[in-house]
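This is a predicted model, with the sequence first.
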Amino acid sequence: MDGAGADTPSLGDLMPWSAAPLRLGRPWIMAPSPAALTARWDRLVRSEGAERDALFGPTRSRTQHSAVTALPGRATGTGRFVRESGPCPPPVRMGHGPFDEQWLIPDHRLIDAARPELWRVADAHQVFAVEQGYVPSGAGPALLVGAVLPDGHSPAGRPGRIRPLYRRPGGVEPNVAPGLTALLARRYGHEVTADALLAWAVATALPSPAGCVVPLTADAGVWSAGVELGRRMTGVQLRGARGGEKPRLPGGRRPYVRAAVPDRPEALGYDAEDAALLLGTGRVSPVSPAARDFTVGGVRILELWFEQRTAEAGPAWQREWTSELLELITVLTLLAEARPDQDALRARVDEGPLIGRRALREAGILPAPVAARRPASVLDHHEEGPEGQFALV
């Protein structure tokens, strides 16, 4: 289901502060394997002259002579990279597009547009909502959530925005339009929290060319049902982070490795009769057709995930990738099974009374104040500037 009426609030109306996707500028600084990143770094810093410049990959935003600040929370160098000869900074886990996590060298000298305001609030309390790229008639969710900092990459369509649940470190100051949760609490007769609002959005968000739209019900019963469904879907996507449990399928439906994945599987296939995913001679089952065909923006997630790990000659298949694959299959299966509940919820929302943008304007919620649409200042946060100088942010 695409779009909604003109009076339907956008996700930006509800969660005003957002950032554009990261722009890495040089793809070699992200990989599915941290060992690959360390090897690339070592080769770069050992090289000289034109070879070093070619390996670095200069852009208009970054060259080896660029002077930049450190990434918030990261103790990486701020001297000009042309003088760098030390070891690779420890790679960090990063969300890369829908349902994928890879590794990134967290060095600001290597990233064209790192969005420091997001790094500043990426901690053990944060949850990131990521709008997916809009593809007309493209199947799949419009909004995904994750616990690690996402790059906002979209496999198809124009990338959407990244919206943190909290504006400050420590889970402080929810990223919610001022006055909105109080208004909803009066309508529903009970407290409405920021995480409940995000859960509602996860369950009900619809794609549109201008970004996600989120219909708001005026029915307290429908709201409660939507929040319950959204929390279940959010818990699956967070994969045990933020105090939740790892997603699991019941025995008999849980995927297992039936034949070991070879060192370099050449292709990904599917045996519909045995509900088995084929990775070369490797075999994983059971894998439901719904998981195998799960798409975001019209792109099959399992195929995209596999291509990210096998498209280029590199390290052999890693054992941890097999574990990640089993978890991904579980996540996709559970989310696919939630779709009938989503469809039923959306029907109830469409049939009942709504709280539209006009009502939010009349209540003084919209437009959100300019300050709510900008990053919060972190006045006690010192960050290293270029060449070792410090700045107060």
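The structure has been received and is ready for your questions. Numbers count the residues shown, from 1 in each chain.

Please tell me how far Phe294 sits from Arg161.
To Arg161, Phe294 is 23 Å away according to CB to CB, to the nearest Å. (Each C-beta comes from the backbone N, C-alpha and C, glycine too.)

Then Pro58?
28 Å.

And these two? Which one has more around it.
Using other CB atoms under 10 Å, the more surrounded residue of Pro58 and Arg161 is Arg161, with 18 against 14.

Nearest spatial neighbour of the residue nearest the centre of the chain, chain-adjacent residues omitted?
By CA atoms, centre = their mean, the mean C-alpha position of the chain lies nearest to Pro150, the distance being 4.2 Å. Spatially, and ignoring its direct neighbours in sequence, Pro150 is nearest to Gly95 (3.4 Å; CB to CB, 6 or more residues apart in numbering).

Tell me what the one you found is bridged to.
Glu101, Pro150 (DSSP bridges).

Give me the number of neighbouring residues for it.
Using other CB under 10 Å, Gly95 has 24 other residues around it.

Begin at 734, not 1, for the rest of this chat.
From this message on, residue numbering opens at 734, which makes the last subject Gly828.

mind checking how far it is from Arg919?
From Gly828 to Arg919 the distance is 36 Å (CB to CB).

Equivalent analysis for Ala953, please.
For Ala953 relative to Arg919 (CB to CB), the value is 11 Å.

Val946 too?
Distance from Val946 to Arg919, by CB to CB: 23 Å.

phi, psi of Gly1015?
Main-chain torsions, Gly1015, degrees, to the nearest 10: phi -70, psi 160.

What of the one 10 residues further on?
Geometry field for Arg1025 lists phi and psi as phi -60, psi -40, criterion degrees, to the nearest 10.

hang on, the earlier thing: what about Val946 and Arg919, which has more around it?
More crowded of Val946 and Arg919, by other CB under 10 Å: Val946, with 26 against 11.

from memory the more buried one sits against Ser743, does it?
Yes - contact criterion CB atoms under 8 Å: Val946 and Ser743 qualify, at 5.3 Å.

what's the residue nearest to Val860 when sequence neighbours are not counted in contact with, if anything?
Computed as CB to CB, 6+ apart, the closest residue to Val860 that is not its neighbour in sequence is Leu898, at 4.4 Å. By CB atoms under 8 Å, 6 or more residues apart in numbering, the contact set of Leu898 is 748, 859-862, 907-908, 927-928, 931.
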